[in-house]
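Asks: how does the following fold in three dimensions:
(one chain, ligands or ions: 1)
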Amino acid sequence: MTSTLDQITAFKNEAVKDFSDPADAAAMRAALDAVKDGFGKDYPLVIDGKRVETEKKIRSLNPADPTQLVGLTSSASKEQAAEAIEAAARAFESWKRSPPEQRADSIFKAAALLRERRFKYDALLVYEVGKSWSEADGDIAEAIDFLEFYAREALRYARPHPVVPLDGERNEMVYIPLGAGAVIPPWNFAGAIMAGMTAAAIVTGNTVVLKPSSDSAIVAAWFVDLLTEAGVPKGVVNFIPGSGSTIGDLIVSHPLIRFISFTGSKEVGLHINELAAKPQPGQKWIKRVVAEMGGKDSIVVASDADVDAAVEGVAVSAFGFQGQKCSACSRAIVEAGVYDQFLEKLKNRVAKITVGNPADPKNFMGPVVNEAALSSISEYIEKGKREGRLIAGGKRVGDSGYFLEPTVIADVAPDAVIAQEEIFGPVLAVIKARDFDDALRIANNTEFGLTGSLYTSDERKIERARDDFFVGNLYFNRKSTGAMVGAHPFGGFNMSGTDSKAGGPDYLLLFMQAKTISRRL
Ligand code: NAD
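Replies: The predicted structure follows:
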């Protein structure tokens, strides 16, 4: 492949397909068939460019039909995880010296390859994590965006950064990479977050071990191969699927690990943060931890809101991808004046949501990701029935796949368990607020602070919320999901994490350190 650097244009978000175009729909159907034909393939670890098979396997099942084995990956032992970290540390010595243009070039090439194979990746996400066609395509479009955005950002950081001139000296400040790091993504944006975290780390000159979630290890295996094709040298990305509880602590505490880039639950993020803080024998640095964690996101509906628009925004934010987004609306906080009207309209809207196998595009909602998720969400539903009034859903759909009805529980107290804990499934709590002040107070009453949205036509309420709605991503008169790379740098406050603002101009700084160089003239 020739260099992509001559053709760099301003960053633009990749358009998401709506599949109303018959050609796109046909391409997606063909990709679903092709990916299905490849089910059951076995993917090895990749350590220092070598493919390593293990006896122990991770099985990736289709949550819509768990009798279908989407694929297998090898499962790294502690020794293999340590070998991968050592390989990353060795590769760092040469990769850190490679020109930033070379690194950016390979990420641009990776974006181009992903664009070429877009429907196949979309289809894989339908099968591996139960995404609808458009959710899957949104995920892969976002992955392409991350690659395109971070490659440009790396070139920007590589340019000179002026410092204040001093007589008699030449001073400069340059950004250099950190070292060998761990990339630990979640399964829910199995394409975008996994690819974005990996690309950000390597385009800035670091090397990594990538430990994917066991629920989405196949898409990560595909992506690691794609990076090799795009010219990323051996040892720069080492692929070590494995159970978090078996190899997680070893990776995080290993003395050669310089940084950990994690996205996932609050519990695991806090554990990693704590473990990483403790220096190990032979460790020469304070590990840097970027931990993007959970959410308990609210949409506030003011008494002056367009209620129909609010109902639509809440329904899509709460039930898109089965509520399994960190930005999903899990609390609708509605001012008393429109509460009954909102509930009535929401109930009607939710009744129209179709649930079923996401390989069929008529279904808006697919399955939740695995059996453990099904049972934990079902327990929250039972709790919710005691804590409030069930007005929609509440039951499992069918008995083979992990399908749940979109569930709405009204009259929930602001401090109820289902109003406070992240459920990560299709369950919405509706809370009545006395007035706008009360609504804002309720919106801020959890330990999280990721996304939030307000539907209102009152400028004063918008101004109030700008100041006082304490979330990393605040939206007005639109859904709380669907952040776009570049336009909506993403990350949350409080227990939602370190507010890394993924897809924003500050993100790559988290993978670099600045060196100031002064020379007397
Ligand atoms: P999870 O915390 O269960 O797992 C995340 C990753 O950590 C996985 O790769 C897992 O294998 C690994 N892991 C588990 N135990 C580990 C350990 N002891 N040491 C090291 N790694 C370990 O989360 P999940 O179920 O994959 O993802 C859902 C969670 O992610 C939700 O809480 C969601 O809100 C959050 N999330 C947050 C954002 C954000 O940007 N803030 C984005 C997406 C998802």
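
Asks: from here on, contacts and neighbour counts on C-alpha atoms
Replies: Noted.

Asks: which residues touch Tyr175?
Replies: By Cα atoms under 8 Å, 6 or more residues apart in numbering, the residues touching Tyr175 are 157-158, 512-515.

Asks: contact residues of the stretch 351-500 of the chain facing the ligand?
Replies: 491, 496 (Cα under 6 Å from any ligand atom).

Asks: 8 Å - rerun?
Replies: Contacts of the stretch 351-500 of the chain with the ligand, taken as Cα under 8 Å from any ligand atom, map to 422, 424, 450, 490-492, 496-497.

Asks: any chance you could map the strands in the stretch 401-521 of the chain?
Replies: With DSSP state E, counting those that start in this stretch as the criterion, the stretch 401-521 of the chain has strands at 403-404, 407-410, 427-433, 451-455, 473-476, 512-520.

Asks: can I get these in JSON lines with mean neighbour count?
Replies: Compiled in JSON lines, the strands of the stretch 401-521 of the chain are given as follows (neighbours: other Cα atoms under 10 Å):
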{"stretch": "strand 403-404", "mean neighbour count": "26"}
{"stretch": "strand 407-410", "mean neighbour count": "25"}
{"stretch": "strand 427-433", "mean neighbour count": "27"}
{"stretch": "strand 451-455", "mean neighbour count": "29"}
{"stretch": "strand 473-476", "mean neighbour count": "20"}
{"stretch": "strand 512-520", "mean neighbour count": "11"}
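
Asks: can you lay out those strands as CSV showing mean pLDDT?
Replies: Shown next, in CSV, are these (pLDDT from 0 to 100):
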stretch, mean pLDDT
strand 403-404, 98
strand 407-410, 98
strand 427-433, 98
strand 451-455, 98
strand 473-476, 98
strand 512-520, 97
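
Asks: of these, which approaches Gly393 most closely?
Replies: Gly393 lies closest to strand 407-410 among the strands of the stretch 401-521 of the chain, at 4.2 Å (Cα to Cα).

Asks: packing partners of the closest one?
Replies: If you count contacts as 3 or more Cα pairs under 8 Å, 6 or more residues apart in numbering; DSSP states H and E, strand 407-410 packs onto helix 371-387, strand 389-392, strand 427-433.

Asks: give the contact list for whichever residue of the stretch 301-450 of the chain sits closest to the ligand.
Replies: Taking Cα to the nearest ligand atom, the ligand has its nearest neighbour within the stretch 301-450 of the chain at Cys326, 3.5 Å off. Counting by Cα under 8 Å, 6+ apart, Cys326 makes contact with 293-296, 424, 450.

Asks: before we move on, what about Ala136?
Replies: So Ala136 contacts 122-123, 125-126 (Cα under 8 Å, 6+ apart).

Asks: now, among those, which is nearest to the ligand?
Replies: For these, the nearest to the ligand is Leu125 (14.6 Å; Cα to the nearest ligand atom).

Asks: tell me the secondary structure at the closest one.
Replies: At Leu125 the chain is in helix, as set by DSSP: H, G, I helix; E, B strand; the rest coil.

Asks: buried residues, stretch 415-430. List them.
Replies: Across stretch 415-430, burial judged by 16 or more other Cα atoms under 10 Å covers 418-430.

Asks: hmm, I was thinking of stretch 107-126
Replies: By neighbour count on 16+ other Cα under 10 Å, the buried set for stretch 107-126 is 107-115, 118-126.

Asks: on that earlier part again, include distance to Ser375 when you put the contacts of Tyr175 into JSON lines, please.
Replies: Output for the contacts of Tyr175, formatted as JSON lines (distance: Cα to Cα, whole Å):
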{"residue": "Tyr157", "distance to Ser375": "46"}
{"residue": "Ala158", "distance to Ser375": "49"}
{"residue": "Met512", "distance to Ser375": "41"}
{"residue": "Gln513", "distance to Ser375": "44"}
{"residue": "Ala514", "distance to Ser375": "47"}
{"residue": "Lys515", "distance to Ser375": "50"}
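
Asks: go through those residues and name the one nearest the ligand.
Replies: Nearest to the ligand among these, counting by Cα to the nearest ligand atom, is Met512 at 19.9 Å.

Asks: kindly provide the distance from the closest one to Asp506.
Replies: Distance, Met512 to Asp506, using Cα to Cα, to the nearest Å: 11 Å.

Asks: next one: Val311
Replies: In terms of Cα to Cα, Val311 sits 34 Å off from Asp506.

Asks: again, but for Ala91
Replies: In terms of Cα to Cα, Ala91 sits 26 Å off from Asp506.

Asks: so which of the residues of the stretch 351-500 of the chain next to the ligand is the most crowded?
Replies: Per-residue neighbour counts (other Cα atoms under 10 Å) across these peak at Leu450, which has 30 neighbours.

Asks: hang on, that one packs against Phe493?
Replies: Yes. Contact criterion Cα atoms under 8 Å: Leu450 and Phe493 qualify, at 6.0 Å.

Asks: joint contacts of those two?
Replies: Common contacts of Leu450 and Phe493 (Cα under 8 Å, 6+ apart): 471-472.

Asks: low pLDDT regions in this structure?
Replies: Scanning the chain for pLDDT under 70 picks out 1-2.

Asks: could you give the angle of the longest helix anywhere in it to strand 512-520?
Replies: Longest helix in the chain by number of residues (criterion: DSSP state H): helix 133-158. Orientation check (axes from the mean of the first three to the mean of the last three Cα atoms, to 10 degrees): helix 133-158 against strand 512-520 gives 10 degrees.

Asks: now do the buried residues in helix 133-158.
Replies: In helix 133-158, counting by 16+ other Cα under 10 Å, buried: 133-155, 157-158.

Asks: mind listing what's buried in stretch 48-55?
Replies: In stretch 48-55, counting by 16+ other Cα under 10 Å, buried: 48-49, 52-53.

Asks: which residues touch that stretch?
Replies: Residues contacting stretch 48-55 (Cα under 8 Å, 6+ apart): 43-46, 74-76, 84, 87-88, 233-238.

Asks: among those residues, which pair sits farthest apart?
Replies: Farthest pair in those, by Cα to Cα: Ser75 and Pro233, 22.6 Å.

Asks: what about the two, which has more around it?
Replies: Ser75 (27 against 17).

Asks: got the contact list for that one?
Replies: 45, 54-58, 240-243.

Asks: the closest residue to it other than its chain neighbours and the ligand, how far apart?
Replies: What sits nearest to Ser75 in space, not counting adjacent residues and going by Cα to Cα, 6 or more residues apart in numbering, is Gly242, at 4.6 Å. Note on Gly242: its distance to the ligand, by Cα to the nearest ligand atom, to the nearest Å, is 7 Å.

Asks: I'd say Gly242 and Lys78 touch.
Replies: No. With contact defined as Cα under 8 Å, Gly242 does not count as touching Lys78 (9.1 Å).

Asks: who has more neighbours, the two?
Replies: Set side by side, Gly242 and Lys78 show more neighbours around Gly242, with 25 against 16, by other Cα under 10 Å.

Asks: gap between the more buried one and Lys234?
Replies: 20 Å.

Asks: now swap in Gly394 and tell me
Replies: Note on Gly394: its distance to Lys234, by Cα to Cα, is 49 Å.

Asks: thinking again about what came up before, and the contacts of Ala136 as TSV, adding distance to Ser98?
Replies: TSV is the format used below for those (distance: Cα to Cα, whole Å):
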residue	distance to Ser98
Asp122	33
Ala123	35
Leu125	33
Val126	37
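
Asks: which one among the residues you listed gets closest to Asp340?
Replies: For these, the residue nearest Asp340 by Cα to Cα is Val126; the value is 36.5 Å.

Asks: hmm, Pro361 and the closest one touching each other?
Replies: No. In this structure, Val126 is not within contact of Pro361 by Cα under 8 Å, at 10.3 Å.

Asks: what's the overlap in contacts for those two?
Replies: Common neighbours of Val126 and Pro361 (Cα under 8 Å, 6+ apart) are 132-133.

Asks: one step back: doesn't the residue nearest to Ser75 lie inside a helix?
Replies: No. Under three-state DSSP, Gly242 sits outside any helix and is assigned coil.

Asks: measure it to Asp215 for me?
Replies: 11 Å.

Asks: now Arg115
Replies: Counting by Cα to Cα, the gap from Arg115 to Asp215 is 23 Å.
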